[in-house]
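Chemist: let's see this in three dimensions:
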Amino acid sequence: MKKILFCLLVGASFISQSCINDNEDPVVVTPSDGARVDPNVGGATQPNQVWFDFGTDTEILTKRTDWDLALYSGNEFKVVLNSSIMMAAGKIPNATNIDLVTEASVAALQTQVQVANFNPANVAFIDDVKGDFPTGSTAIEEIRASESDNAVYLVNMGKEIYTGTVPTGSVATGGDDRGWMKVQIVRAGNGYKVKYANLNDASHKEITVAKDPTYNYSFVSLNHLKPEPNKIAKQVFIQPEKKKWDICFTVFTNTIIGAGSYIYADFVTTNNVGGVAVYEIIVPSTSSGVEAFTNFKTSDIDQSKFIHNDQRIIGANWRNPVGANGLEVYGDRFYIVKDAEGFYFKLRFTRLTNTAGERGRPQFEYKPL
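Modeler: Purely as a prediction, here's the structure:
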């Protein structure tokens with residue numbers, strides 16, 4: 001009798017466990033309770049890109065000069081330049097063989113492939129500033145299936161991070177020139193092959209990179225070959241997984257109507273490629289911005305206002321570097337963010353400098369909704 005009872009109990013246990021497993025729903029991880037955060041942008045030269053995730057209250061730091069090319073991981077074959085160091089690229093006319101390109105043959109093009117030189121035409125040499133990829137335009141055209149259909153590009157490698165002294169309250173978004181390279185990118189199966197060389201090199205090097213759908217992009221550093229010609233390109237880790245970051249503090253190449261490309265410090269982009277959406281709320285002058293932020297609740301969210309196709313909704317709009325009272329954070333606005341998992345957060349900026357007045361020491365506050 002005891003054996004029969006034991007078997008019945010064991011059987012019931014297995015049945016119960018089986019039912020639990022069969023009907024178990026995925027566990028939804030509750031997002032962070034919010035925090036006040038001092039992102040490590042790194043001071044007045046703003047050397048770091050800070051990738052921050054609201055749901056887990058985590059940040060990843062990378063140096064702005066750690067990468068050059070971002071190779072899109074989706075269905076399309078798109079290549080994005082590192083705008084944080086003022087990179088640009090121009091198609092070399094009639095060039096199909098990278099090894100035949102010389103510095104003399106691209107001398108005239110070098111005067112055009114520039115950033116922030118107040119020439120409206122220079123927007124042709126940078127990527128879609130909205131970051132609306134894969135549909136947005138890129139300086140390097142979409143990589144075509146036939147290898148011979150892919151052009152050779154003159155690539156302005158942008159600027160090093162400035163190493164000198166920066167006056168209090170000012171910023172230095174770039175230092176020495178990083179030189180020029182010639183680049184041709186082709187498909188390699190469902191990935192990319194990057195051919196690259198210094199301008200007068202008679203032969204080129206190559207790196208092959210597979211797409212990884214866990215990430216928005218695979219990143220490549222061409223390793224600044226001009227002073228060290230024996231170095232080779234390498235794949236590098238930059239962004240977190242595509243659903244594991246929401247905003248990025250960075251220097252950014254934006255555009256000004258009538259003046260072309262222009263470089264901005266204190267810029268904040270959103271992960272629109274990874275599914276993050278955001279909108280800005282401007283508080284009427286008769287109200288308190290802090291109070292409006294504090295009182296904003298889930299039922300106040302306006303779904304129609306979320307913007308999915310522009311990474312610049314926060315941008316530089318949160319701060320005023322030339323205010324009547326000096327450097328300031330706008331107190332009349334905050335932001336509503338919807339992350340890739342569908343969680344909502346409210347976000348406001350509380351500081352542009354540290355107590356000594358040094359730029360590149362911002363602070364923000366966020367709360368889940």
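
Chemist: please make it C-alpha for all contacts and neighbour counts, starting now.
Modeler: Noted.

Chemist: where does pLDDT dip in the chain?
Modeler: Where the chain drops to pLDDT under 70, the residues are 1-31, 224-230, 323-325.

Chemist: try it again with 80
Modeler: Scanning the chain with the threshold set as pLDDT under 80 gives 1-32, 223-231, 323-326.

Chemist: how about the helices in it?
Modeler: 2-23, 107-110, 289-295 (DSSP state H).

Chemist: and stretch 168-179, what's buried?
Modeler: 169-174, 178-179 (16 or more other CA atoms under 10 Å).

Chemist: what about that stretch, how long is it end to end?
Modeler: Distance across stretch 168-179, first residue to last, is 29 Å (CA to CA, to the nearest Å).

Chemist: go on, stretch 98-105?
Modeler: Per CA to CA, the first residue of stretch 98-105 is 12 Å away from its last.

Chemist: ok, residues contacting that stretch?
Modeler: Applying CA atoms under 8 Å, 6 or more residues apart in numbering, the contact partners of stretch 98-105 are 95, 152, 182-184, 195-196, 199-204.

Chemist: let's go with 10 Å and repeat that
Modeler: Stretch 98-105 is contacted from outside by 92-93, 95, 109-110, 151-154, 180-184, 195-204, using CA atoms under 10 Å, 6 or more residues apart in numbering.

Chemist: any quick ChimeraX command for the buried ones out of those residues?
Modeler: Here is the ChimeraX selection string for the buried members of the contacts of stretch 98-105, based on 16+ other CA under 10 Å:
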select :92,95,109,110,151,152,153,154,180,181,182,183,184,195,196,197,198,199,201,204
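
Chemist: please parse this structure into its domains.
Modeler: 35-62+243-368, 66-236 (automatic domain parsing).

Chemist: off-centre distance for the first one?
Modeler: Same thing as domain 35-62+243-368. 13 Å (CA atoms, centre = their mean, to the nearest Å).

Chemist: got the end-to-end distance for it?
Modeler: 10 Å.

Chemist: could you do the last one as well?
Modeler: Length of domain 66-236, first residue to last, CA to CA: 8 Å.

Chemist: re the thing from before, in TSV, list the buried residues of stretch 168-179 along with distance to residue 347.
Modeler: Formatted as TSV, the buried residues of stretch 168-179 follow (distance: CA to CA, whole Å):
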residue	distance to residue 347
169	24
170	25
171	24
172	27
173	25
174	29
178	36
179	39
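
Chemist: residue 357: which of those residues is nearest?
Modeler: residue 169 (5.6 Å; CA to CA).

Chemist: how near is the closest one to residue 40?
Modeler: Taking CA to CA, one finds residue 169 at 17 Å from residue 40.

Chemist: I'd assumed residue 262 was in contact with residue 117.
Modeler: Yes: Residue 117 lies in contact with residue 262 (CA atoms under 10 Å); the separation is 7.9 Å.

Chemist: would you list every one of the strands in the stretch 1-150 of the chain?
Modeler: 35-37, 48-53, 58-63, 69-72, 79-81, 88-91 (DSSP state E, counting those that start in this stretch).

Chemist: nearest to residue 364 among these would be which one?
Modeler: Per CA to CA, nearest to residue 364 of these: strand 35-37, 5.4 Å.

Chemist: what lines up beside that closest one in the sheet?
Modeler: With DSSP bridges as the criterion, the sheet partners recorded for strand 35-37 are strand 359-368 (antiparallel).

Chemist: and the strand it pairs with with strand 48-53, angle?
Modeler: Inter-element angle recorded for strand 359-368 and strand 48-53: 0 degrees (by axes from the mean of the first three to the mean of the last three CA atoms, to 10 degrees).

Chemist: quick check: buried residues in strand 359-368?
Modeler: 359-363, 365-368.

Chemist: and these as TSV, adding distance to residue 141?
Modeler: Formatted as TSV, the buried residues of strand 359-368 follow (distance: CA to CA, whole Å):
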residue	distance to residue 141
359	36
360	34
361	37
362	36
363	37
365	39
366	38
367	40
368	39
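
Chemist: and of those, the nearest to residue 347?
Modeler: Nearest to residue 347 among the buried residues of strand 359-368: residue 366, at 4.4 Å, using CA to CA.
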